[in-house]
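Chemist: return a 3D structure for these sequence lines:
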Amino acid sequence: MDEVQNIRSGFTLLELIMAIMILAIMMILSFFCFDAVVQSWNAGMEMSDAMSQADYVMNQVESGLRSAYFSSSVQKDDERGFQFSDGGEGPDARDSIAWMKEGRAFVGGLKAIDGKTEIAEMPHRVMLYVEEEGREGGGGLMAKAWSSDFQPDDFDVEEDVKAFLVSPRVMGMDCKVLKEPPEENAKEIEWEDEWTSSNALPYKVSVTLYLRPVKERDEPVAVTRDIELPVWDVSQNPVQSGGAAGTGAQDGTQRTVTPGAGAGQNVITSPIRPGGGRVPGVPPPAGGGMMP
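Modeler: Below you'll find the model as predicted:
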């Protein structure tokens, strides 16, 4: 009788196998849950970093456009005002814009051709465009800055001005212009995707930057800001206004959308300061503040 009780008090092989299987299933479920939490955390941090950098770049764009400079004394008519090249719409847009400005937005401590004077201390032109990602990485929002003063006769922007990286996260830029203030009772604002008056400035510029998605299969994130140029009236009436430059109060609005409905969408490298190397964790060439 005692022998029968001793035999029944142990575990059978089947029970041991079932227990091991249940333990294995619980461990697998725990691992996948933990992995999902970690991936979500990393994606959230990357998205937060991308949006912070997009906000920083947009602030530089707004500061640069609102510091637009116009003077009828500029020798070349096509360098007085705003230049716009339409490169499509949506995330694949490759628009480029160029204008004359003052201040340190985008240029920071970039030196003029003499190697001593800072470009920020004089009126200068800035060009923004998006460079496609190559086989070896690279690409992103690029900028060129130069002063037209004291340049040699054979000066060529394409060959003599070196571009620098503003943000590697930008994969597309779509711009639209508003030539003049809309009517007070206008229900819709008619933005245009062409600008032919290179010796004048538009009333407003709408800039949309498309950020590379955190995951390859995700849609790019579009960040748009509408920026008013305070010297618009000066460029329209240079004689009456004296042809001088000016600035105004902030009037930029920003919105973040996911492309798909409505208006359209490398190896990541660190931003580069003009004349300097890559500096991780610091802002791209600009006038102030650390990059988030």
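Chemist: so where's this structure shaky on pLDDT?
Modeler: Per-residue confidence for the chain (pLDDT under 70) gives these ranges: 1-10, 72-80, 113-114, 134-137, 150, 238-292.
Chemist: if you set the cut-off to 50 instead, what comes out?
Modeler: For the chain, the stretches flagged by pLDDT under 50 are 241-292.
Chemist: where do the helices sit along it?
Modeler: Using DSSP state H, the helices of the chain run over 2-8, 13-66, 157-160, 232-236, 238-241.
Chemist: which one of those is the most hemmed in?
Modeler: Comparing these on average neighbours per residue, with mean count of other Cβ atoms under 10 Å, the densest one is helix 232-236 at a mean of 21. In this view, the C-beta of every residue, glycine as well, is placed from N, C-alpha and C.
Chemist: so residue 203 makes contact with residue 230?
Modeler: No - checked against Cβ atoms under 8 Å, the pair residue 203 and residue 230 is beyond contact range at 10.2 Å.
Chemist: before we move on, back to that, including distance to residue 138, could the helices of the chain go into TSV?
Modeler: Shown next, in TSV, are the helices of the chain (distance: least, Cβ to Cβ, whole Å):
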stretch	distance to residue 138
helix 2-8	73
helix 13-66	17
helix 157-160	18
helix 232-236	35
helix 238-241	40
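Chemist: can you give me the neighbour number for residue 215?
Modeler: The number of residues packed around residue 215, counting by other Cβ atoms under 10 Å, is 10.
Chemist: what's near enough to touch residue 235?
Modeler: 70, 80, 81, 199, 200, 201 (Cβ atoms under 8 Å, 6 or more residues apart in numbering).
Chemist: and which of the residues you listed is nearest residue 11?
Modeler: Of all these, residue 201 has the smallest distance to residue 11: 85.0 Å, by Cβ to Cβ.
Chemist: relative to residue 218, which of the helices of the chain is closest?
Modeler: Using Cβ to Cβ as the criterion, the shortest distance between residue 218 and the helices of the chain is 9.2 Å, found for helix 13-66.
Chemist: counting contacts, what elements does that closest one pack onto?
Modeler: Judged by 3 or more Cβ pairs under 8 Å, 6 or more residues apart in numbering; DSSP states H and E, helix 13-66 is in contact with strand 96-101, strand 164-167, strand 204-211, strand 221-228, strand 253-257.
Chemist: tell me what the third one is packed against?
Modeler: This means strand 204-211. helix 13-66, strand 170-178, strand 221-228.
Chemist: repeat that for 10 Å
Modeler: Strand 204-211 is packed against helix 13-66, strand 96-101, strand 124-131, strand 170-178, strand 221-228, strand 253-257, with contacts defined by 3 or more Cβ pairs under 10 Å, 6 or more residues apart in numbering; DSSP states H and E.
Chemist: one step back: how about the helices and strands packed on helix 13-66 in a markdown table, adding mean neighbour count and distance to residue 11?
Modeler: Below are these laid out as a markdown table (neighbours: other Cβ atoms under 10 Å; distance: least, Cβ to Cβ, whole Å):
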| stretch | mean neighbour count | distance to residue 11 |
| --- | --- | --- |
| strand 96-101 | 22 | 75 |
| strand 164-167 | 23 | 63 |
| strand 204-211 | 24 | 58 |
| strand 221-228 | 21 | 56 |
| strand 253-257 | 12 | 59 |
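Chemist: for those strands, give me TSV that also has distance to residue 61.
Modeler: Listed next are these as TSV, based on distance: least, Cβ to Cβ, whole Å:
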stretch	distance to residue 61
strand 96-101	9
strand 164-167	9
strand 204-211	6
strand 221-228	7
strand 253-257	11
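Chemist: perfect, that will be all.
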